[in-house]
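Participant: Sharing a model that was predicted from the sequence below.
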Amino acid sequence: MYEYHKNTLSIPAKLLYEDWGLITYNNYQNLCKRGKLVRTKEGRGPGNEPFVSFHDLPVHQGVDFKKLCIEGLGEPKEVLVRNKLENYIVPDVKAIRFFAEHRKPNGRPLSDEDQREKATSVMILNGIRMLFSDPKLKRKAFGTKTSMIWDEVSIAVNGLNSNKEKPKWIFSLPGNPRRLKAKYENYLKDGYEVFLHKGEGQKNAQIIKDEIADFILAKYCLPIKMSIPEVLNAYDVEAEKRNWKSLTEAAIYNWLYQPERERIWTLARHGLSAYNKKYKHTITRDRSDWFPNAYWAIDGTKLDWIHYWDDSTNKMGAKLKIDVMFDVYSEKIIGWDLSFTESHIEHFKAIKMAVNEAQCRPYYLTYDHQGGHKMDRMQTLYDSLMAIEGQGTHHPNKARNHSNPSEQLFARFQQQVITNFWFSDGQGVTVKREDNKMNTDFILENKANLKTVEELQKAWLAAVNIWNTKKHPHFEMSRNEVYQHEMPMKEPLTLWDIMDKMWIEETKRLVTYKGSGINVNISGVDYEFEVYNSKGEVDSDFRYKNIGKKFKVRYDPDFLDGYVQLYTKDEKDNYVWIANAEPKRKHQNIPALMKEGDKEKWFADMQVRKLELERTQRELKALEDRTGINRQTLIEDTDLLIKMGGNITKMEQLITEAIDNEYDF
C-alpha cells in the first residue's frame, strides 16, 4: 500500500525484501546506506514498519523497482493521501475582486464558475508560495530532495481532488510537474493576469482601417448610442456590399476603446459634459504660499436637519438654509447665517461675522451663482471688502467647475458633522445606499423631541465648534489653530470700513493617464505629473493619444522634482519607454501672489482644453464628411424608414433606383 511519510509518497520496505523478493534484507540495508533507497520512516521499535520513498525507487541489477511497484500496487495518484498543502489554502480577497471586475474584450464579465476556478487556482499557488517561503515548512511538506520537489508539489496539487466524483476544490492548474512549475513562476512574475487570455481580438482588429475604420467609428458616434453588437450588424450589411472582411465584437471593442478614438465617440455619444469629465485638461492650484484670510469662499445650501416651524401643515421637515463663509486655507468657518431664505441679506450677515472674526481684508473671494451675490449692492460690498494694496479680487465660481472649494468643504462638513445629529435627514430620500438614507421610522417615533428653529440655532453653534476644533486634514493641529498661522501679508479691516457702502437689510501598480495628468502615491505622498514637450508646453499630442491608457511609472525617489518615466507594453508584451512626465505645473490664481510670467503660463495651460476639444470636433466633423454618416443622415434615414413602413427591401430598392436615375444620361 502507498502511504505518505514526511509528506513523501512511500511504500513498505518489506515489499522489496520479503513479499516480492527483489533483494535480500542485507542488500536493502546497503542500498539505504548508499542512498539508492531513501528511507522515509524508520522501522525501529515494536509495531513500527520501515517505509521507503516511491519516487526514489532505483533500477537495480536490470530490475526497475518503480515499474514493478506500480504493477503490484497500482498508480499512486489513485491513492487518497493526507495533503499538507491544503492547510495553507486561504481566501485571496484581491484575487476574487480582480476576476469579478475583469471584463473581456467584448465587455462581458467572466462567468461565476470561471471566476471561482481562477481565484481557487491563485489560492493554491499562494499556498505553495507560503510553504516555499519557510525552509522548514517546505521540507516538511515536500521532502528534502531538491530534484524531486516539483514532483512532490504536483502530487500534492493533484491530490487535492482525489475524490473525482465530489471534488472539493475547483481549479485549473497543470498536473504535470514541469508545467506546474512554469505556471507558478509566471504567476510570481505577472500576478493574476497569467490566468487571463492575452491578445483576444487583437489580430482581428488589424483589418479595421481606412473606410472600415471610418464606418465603425461614425456609427458608434451617433447619439442614438448603438451597442457594439448593433454596430457589428450594421457593418455586416455594409461588408456584404463592399466585400469587406468579417469582424468580431471583440475586435470592434478593442479598436473603439483606444484612447484617441474613445475621446471622439465620447464627445459624440455622450456630449461635452462627459467629454470634459474624462479629457478636459485641468489646472492645479499652487497652495504653497497661501495663508489665513488669503482666500475666502461663501456658499449656501439646505441644512439637513428636520425641525418644527410655524408655516407648515404638518410642522415637520428640513426647511432651514445655511449661508457659510469659509477661510479656505484653514477650512475654518468664520461666518454664517441660518434662516429660511438665501438672499443678499443672509450673505451680508455671514460676511459681517467673518469680518469681525478676521479683522482684515481677504485677497481672494469666490461665491456661487445665486442671484443675491450678483446684486449691485453685494458687488459694491465685495469691491470694498477686498484687499486694496494687494489687488484683491472676487468672482463667482465657474459653472460646472469641479474645483469649487466651498462645495467640497460643505460636503465634508455635512458628512463629518451635520449627519451625526440624530434629527438629520442625511442626503435625502433619492439616494440609493441605505446607509445614506434617514431612518424615517426612528424620526417619526421621536418627533416629539424634534427641535424648534430657536433650538437649532444652539445646535448649529455646537456643529460649527465641532468642525473648527477638529484636526485639519493637512496639518497636525485643529482648524482653529491653523487659522492662527502667521500672515505674511495683511490689510486691516473693520466692519465700520464697509458698512457705509451698503444698505443693510435683514458650502504599486499601473497608473492611468487621465485628463488631469498622472497621479502617483509614493510613500503615502501624492504626486502629480504631466508630459510636456521640448518647449515646456503641455504635450497635447501625447495627451490626445494616451488619456485613458495605463502606464508603468518608474522613478528615482531622490529625483521626484525632476521627472518620472512612463512605460507601456509593445506588441511582444515587453515594457518600453514612452515618455518622461514632469511635476505638474501649478498656477497661482491670487493676483497678489503672482510672479512675473505666471499669468502667461496660466493662459497657455488654460488653452489646452480648448485646443484639444477643437481638434476632437474637427476629427468628428471630418469623419462625418468622409462617411456621410451624421446626425442629419440619421434623421433622414429614420424618416424614410417610417415612410416605407419598416420595409427595408423596398427602401433599398428606391435608393438604388434613385442613384441609377441620377447617373442615367
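Facilitator: Yep, that arrived.

Participant: Checking my notes, Val324 in a strand, right?
Facilitator: Yes. Assessed by DSSP: H, G, I helix; E, B strand; the rest coil, Val324 belongs to a strand.

Participant: For it, give me its contacts.
Facilitator: Ile298, Asp299, Gly300, Ile333, Gly335, Trp336, Ala350, Ser406, Phe410, Phe413, Thr507 (C-beta atoms under 8 Å, 6 or more residues apart in numbering). Any C-beta I mention is one placed from the backbone N, CA and C, and that applies to glycine too.

Participant: among those residues, which are in helices?
Facilitator: Of the contacts of Val324, the ones assigned to helices by DSSP state H are Ala350, Ser406, Phe410, Phe413.

Participant: residues touching the first one, list them.
Facilitator: Spelled out, that is Ala350. Counting by C-beta under 8 Å, 6+ apart, Ala350 has contacts Ile298, Asp323, Val324, Met325, Gly335, Trp336, Asp337.

Participant: Let's see that with 6 Å instead.
Facilitator: Contacts for Ala350 were tallied using C-beta atoms under 6 Å, 6 or more residues apart in numbering; they are Asp323, Met325, Gly335, Trp336, Asp337.

Participant: quick one, phi/psi of the residue lying closest to Thr627 once chain neighbours are set aside?
Facilitator: Excluding its sequence neighbours, the residue lying closest to Thr627 (C-beta to C-beta, 6 or more residues apart in numbering) is Ala218, at 4.4 Å. The phi and psi torsions at Ala218 (degrees, to the nearest 10) take the values phi -60, psi -40.

Participant: do you know how far Ala218 is from Glu240?
Facilitator: 18 Å (C-beta to C-beta, to the nearest Å).

Participant: and what of Lys352?
Facilitator: When distance is defined by C-beta to C-beta, Lys352 is 75 Å away from Glu240.

Participant: out of these two, which sits in the more crowded spot?
Facilitator: Lys352 (19 against 10; other C-beta atoms under 10 Å).

Participant: so who does the residue nearest to Thr627 touch?
Facilitator: For Ala218, counting by C-beta under 6 Å, 6+ apart, the contacting residues are Leu623, Thr627, Ile629.

Participant: Swap in 10 Å and give it another go.
Facilitator: Residues in contact with Ala218 (C-beta atoms under 10 Å, 6 or more residues apart in numbering) are 231, 264-265, 268, 620, 623-624, 626-630, 633.

Participant: okay, those residues in a markdown table with neighbour count next?
Facilitator: Below are those laid out as a markdown table (neighbours: other C-beta atoms under 10 Å):
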| residue | neighbour count |
| --- | --- |
| Val231 | 22 |
| Ile264 | 21 |
| Trp265 | 23 |
| Ala268 | 23 |
| Leu620 | 19 |
| Leu623 | 21 |
| Glu624 | 19 |
| Arg626 | 13 |
| Thr627 | 17 |
| Gly628 | 10 |
| Ile629 | 20 |
| Asn630 | 18 |
| Thr633 | 14 |
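
Participant: now the residues you listed as TSV including secondary structure and pLDDT?
Facilitator: Below are the contacts of Ala218 laid out as TSV (DSSP: H, G, I helix; E, B strand; the rest coil; pLDDT from 0 to 100):
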residue	secondary structure	pLDDT
Val231	helix	92
Ile264	helix	94
Trp265	helix	94
Ala268	helix	92
Leu620	helix	92
Leu623	helix	92
Glu624	helix	90
Arg626	helix	92
Thr627	helix	90
Gly628	coil	88
Ile629	coil	90
Asn630	coil	89
Thr633	helix	86
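
Participant: residue closest to the middle of the chain?
Facilitator: Thr512 (8.9 Å; C-alpha atoms, centre = their mean).

Participant: That one and Pro583: what is the separation?
Facilitator: Thr512 sits 18 Å away from Pro583, going by C-beta to C-beta.

Participant: same deal with Ser478?
Facilitator: From Ser478 to Pro583 the distance is 31 Å (C-beta to C-beta).

Participant: Help me confirm that Lys219 is found in a helix?
Facilitator: Yes. Under three-state DSSP, Lys219 sits within a helix.

Participant: Verify the contact between it and Tyr235 for me.
Facilitator: Yes. Applying C-beta atoms under 10 Å, one finds Lys219 in contact with Tyr235, separated by 7.5 Å.

Participant: quick one: common contacting residues for those two?
Facilitator: Common neighbours of Lys219 and Tyr235 (C-beta under 10 Å, 6+ apart) are Ile252.

Participant: So between the two, which is more surrounded?
Facilitator: Legend: neighbour count by other C-beta under 10 Å for Lys219 and Tyr235, higher for Lys219 (22 against 19).

Participant: what's near enough to touch that one?
Facilitator: Here Lys219 is in contact with 226, 228, 230-232, 234-235, 238, 252, 265, 627, 629, 634 (C-beta under 10 Å, 6+ apart).

Participant: Tell me which two of those residues sit farthest apart.
Facilitator: Ile252 and Leu634 (19.4 Å; C-beta to C-beta).

Participant: quick one: which of these two has more around it?
Facilitator: Neighbour count, other C-beta under 10 Å: between Ile252 and Leu634, Ile252 has more, with 25 against 14.

Participant: distance of that one from Tyr235?
Facilitator: 8 Å.

Participant: any shared contact partners between those two?
Facilitator: Common contacts of Ile252 and Tyr235 (C-beta under 10 Å, 6+ apart): Ile208, Ile216, Lys219.

Participant: Including distance to Gly127 and pLDDT, could those go into CSV?
Facilitator: Conversion of the shared contacts of Ile252 and Tyr235 to CSV gives the following (distance: C-beta to C-beta, whole Å; pLDDT from 0 to 100):
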residue, distance to Gly127, pLDDT
Ile208, 44, 85
Ile216, 46, 93
Lys219, 49, 94
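
Participant: Out of those residues, which comes closest to Thr146?
Facilitator: Distances from Thr146 to those, taken by C-beta to C-beta, are shortest for Ile208, at 51.2 Å.

Participant: what are the phi and psi angles of that closest one?
Facilitator: Dihedral angles (degrees, to the nearest 10) for Ile208: phi -80, psi 100.

Participant: who's in contact with it?
Facilitator: 214-217, 235, 244-245, 247, 251-252, 254-256, 261.

Participant: Make sure Trp296 is indeed in a strand.
Facilitator: Yes. With three-state DSSP as the criterion, Trp296 is part of a strand.

Participant: Not counting its neighbours along the chain, what's nearest it?
Facilitator: Using C-beta to C-beta, 6+ apart, the closest residue to Trp296 is Pro362 (4.3 Å).

Participant: ok, now how distant is that neighbour from Ile306?
Facilitator: In terms of C-beta to C-beta, Pro362 sits 35 Å off from Ile306.

Participant: Neighbour count for those two, which is higher?
Facilitator: Neighbour tally, Pro362 and Ile306, criterion other C-beta under 10 Å: the higher count belongs to Pro362, 29 against 21.

Participant: Can you tell me the SS state at the more buried one?
Facilitator: From three-state DSSP, the assignment for Pro362 is coil.

Participant: right, and it touches Gly390 too?
Facilitator: Yes. Counting by C-beta under 10 Å, Pro362 touches Gly390, with 9.4 Å between them.

Participant: what residues are shared contacts of the two?
Facilitator: With C-beta under 10 Å, 6+ apart as the test, Pro362 and Gly390 both reach Ala294, Glu491, Ile590.

Participant: check contacts around the second one.
Facilitator: This means Glu491. Glu491 neighbours (C-beta under 10 Å, 6+ apart): Asn293, Cys360, Arg361, Pro362, Tyr363, Met386, Ala387, Ile388, Glu389, Gly390, Gly392, Ala592.

Participant: The second one: neighbour count?
Facilitator: Meaning Cys360. 17.

Participant: ok, now which ones touch it?
Facilitator: With C-beta under 10 Å, 6+ apart, Cys360 has these contacts: Pro292, Asn293, Ala387, Met487, Met489, Lys490, Glu491, Pro492, Leu493, Thr494.

Participant: coming back round to it: show me what contacts the residue nearest to the residue nearest to the centre of the chain when sequence neighbours are not counted?
Facilitator: Setting aside the residues directly before and after it, Thr512 is nearest to Lys550 in space (C-beta to C-beta, 6+ apart), at 5.3 Å. Residues near Lys550 by C-beta under 10 Å, 6+ apart: Arg509, Leu510, Val511, Thr512, Tyr513, Ile518, Leu566, Thr568, Lys569.
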